[in-house]
Each structure stands twice: as C-alpha cells, then as structure tokens.
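Below are the sequence and a predicted model; questions follow.
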Amino acid sequence: MVTSTGGFSQLLAPGLYDVMYNEIDSQPNQWLGVLNTNTSQRAYEEDLKVAGLGSMVTKPEGQDTSFDDPIQGAKVRYTHASYGLGFRITREMWDDDLYAIMNQMAAELGRAAAYKIEVDAWSTFNNAFSASFTGQDSLSLCNTAHTRLDGGATIANRPSVDADFSYTTYQAALDSFNQLLDDRGRPIVMRPSLLIIDPTFIWQAKEVLNSVYRPFTANNEINPLHGEIEENGYLPCRYFVDSDQWFLVVPKGQHDVKFWWRVRPETAEADDFLSGDALYKIYARYSKGFSEWRGVYGSSGGA
C-alpha cells in the first residue's frame, strides 16, 4: 500500500531547504550593495556602447546646418556559467541522526552557495588591473590609458604609480573624478560615494574620511577632503585577494560593474532507488563583469 505521495527525499526536503536558504540569507552579502544586478533570459547578454553627438558648431548665415553621427564602440559579452553542489543522506543516517547532522549539511550547502556567489561577484574588482579581464575599450577596469570613442586623449582611472590608500592617494582619486571626460571629450559629472578597502585599512580610512582636521599633521589644518563622501562611506571587503588594492566608486546604478542572474539559486531532490539514499543539490547560473570603466577609480596598492 502507498502511504505517501512522495519519496523519502521529498518528505525531508522542506525542512532542509528552509535551513539552507536561511543560511544563504544570513550571510553578509557585501556585493549586493555595490554591483548592479540584472536578470537575463538568454544564454548570454551583450553591451553595446555608443557615444552621442558632438557639440554644436557655428552656422553662418545662409549656410547649411552641420550634421554629426554617433560613434559606435565594441560589444562586450557576458556568458553565463553554471554552478552547483549537492550532498547525499543515507536512510540509515536519517534514522539514526541524534545530532541534527542533516540540518548542518543543509546549512553548509547554503554557506557554500553564498560564498561562491560572493567571491565571483567581487572577481571583477579583484581582476580590475588584469589585462585578461577587459571592457569595451579592451583595457582593464582600472587603467592609465583608457581610450575615447572619438579618438581623443586617453584617460586614467588609476594612478601612474600604484600606492596604498592614504590622504594623498584619496585626493588624487577625487581629482580624477573632477577632471573626468566623456567619449566626446566633454566634462562629465560623476561623484564618488563609496570607498572599498581591505579590512586592514579600515583605521586609515576612518582617519582620512572622518577627520575634520587634516590627519597626520601637527598644525590643525582644515581637512579639505572631509565630507567629499559620507564619513562612514567605506566598505571593508572581506573578499579582496590583494590587501593593498582599493577603489573609489560612484553610487550603484551610475557605474557599470554588474552581475547577471540567469538562474537564481534553486534546489532539487531525488531518491536513489537501489540504496534508499536521498540526494539534494543547489544550482545557479550567472555572469559578471563590466563594459564601461567610468565611475570606478582604483589602485593595486604599493609594492
């Protein structure tokens, strides 16, 4: 006689999945407050950059109006990759489990998923200085020679000599934003709002950002950089692979560092008929990267 509508795995799944997703939600998802998040319905997504029209020109009396064309850049493709992990519960283990081992396994699967997503999301910043990870202009996210679509002078969003975060390097980063040009060579207003640093630099960040008077001096000079971003406008990122690197970024939605969800984390279960084991897995599919570099300034730190 059939006594249930589902198999062994389905009987256990609701409670285990609750544990798993509670663990995912409990993790401090730092990337969500920084990266732009999008949902994809395709195998890949593409960005196409276009520079608008140039400035108006003089029109002499009786002469024709001058016409201009937009400038099209290269495409950047985001190809979604698949990720997954699972675990197996024997029937005997379930029958004899006195210490909630199964819930621990479900929680660990949730932690594994959350950690992988966090690491991958931050990989765009961790590879910001690598020539192997490029945007629309075929250069790294942070570079000293970004090109313009109109062929004008190159632009840097990285110091010519990388250095650790300090009062002077922070000032240079702000100067870079204040001098920023678009692809037609026109001034563009982008105001940074967040400093992203390794936790080892949190005390340095507090001194530079929060001091009303200029830090590291004895003359009580006014700190002209105070208030350029909020006093607590720094994020100590636990996922940097280089403790010296740091970034100054504009608000989420104004920069182009993004994360594409193709499939958000989903779970499945099945029964192994021969062994009686229950199998559980989690699966996700996504991509990440950038096309436009403006809105981010970074340094790989000192040697």
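Sure, I can see it. Numbering: from 1, shown residues only.

Name the SS class of Phe201, please.
Under DSSP: H, G, I helix; E, B strand; the rest coil, Phe201 falls in the helix class.

hang on, it packs against Thr169?
No: contact criterion CB atoms under 8 Å: Phe201 and Thr169 do not qualify, at 11.0 Å. For glycine as for every other residue, the C-beta is placed from the backbone atoms N, C-alpha and C.

what about the strands in the stretch 51-200 of the chain?
Per DSSP state E, counting those that start in this stretch, the stretch 51-200 of the chain carries strands over the ranges 71-79, 81-89, 194-197.

just so I know, which of those lies nearest Trp122?
Closest to Trp122 of the strands of the stretch 51-200 of the chain, according to CB to CB: strand 194-197, at 9.2 Å.

Check the gap between the residue most central in space within the chain and Val257 for me.
Closest residue to the average C-alpha location of the chain: Leu35 at 4.1 Å, with CA atoms, centre = their mean. Per CB to CB, to the nearest Å, Leu35 is found 5 Å from Val257.

can you list residues touching both of the two?
Jointly contacting Leu35 and Val257 under the rule CB atoms under 8 Å, 6 or more residues apart in numbering are Thr124.

circling back: tell me what the closest residue to the residue nearest to the centre of the chain other than its chain neighbours is bridged to.
Of all residues not flanking Leu35 in the chain, Phe259 sits nearest, at 4.7 Å (CB to CB, 6 or more residues apart in numbering). Under DSSP bridges, the beta-bridge partners of Phe259 are Thr37, Lys288.

what's around Phe259, how many residues?
Counted with other CB atoms under 10 Å, residues neighbouring Phe259 total 20.

dump the residue contacts of it.
Per CB under 8 Å, 6+ apart, neighbours of Phe259: 31, 35-38, 121, 286-288.

Can you tell me which of those is closest to Ala268?
Among the contacts of Phe259, and counting by CB to CB, the member closest to Ala268 is Tyr286, at 17.6 Å.

Distance from the helix ranked longest in the chain to the middle of the chain?
The longest helix of the chain (DSSP state H) is helix 101-126. When distances are taken as CA atoms, centre = their mean, to the nearest Å, helix 101-126 is centred 16 Å away from the chain's centroid.

Please work out the average pLDDT along that helix.
Helix 101-126 carries an average pLDDT of 87.

cool, and stretch 221-232?
Here the average pLDDT along stretch 221-232 is 74.

now swap in stretch 74-83 and tell me
So the average pLDDT for stretch 74-83 ends up being 94.

how about that stretch: buried residues?
By neighbour count on 16 or more other CB atoms under 10 Å, the buried set for stretch 74-83 is 76, 78, 80, 83.

is it possible to export those to JSON lines including distance to Trp246?
As requested, the buried residues of stretch 74-83 are exported to JSON lines (distance: CB to CB, whole Å):
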{"residue": "Val76", "distance to Trp246": "25"}
{"residue": "Tyr78", "distance to Trp246": "26"}
{"residue": "His80", "distance to Trp246": "29"}
{"residue": "Tyr83", "distance to Trp246": "28"}
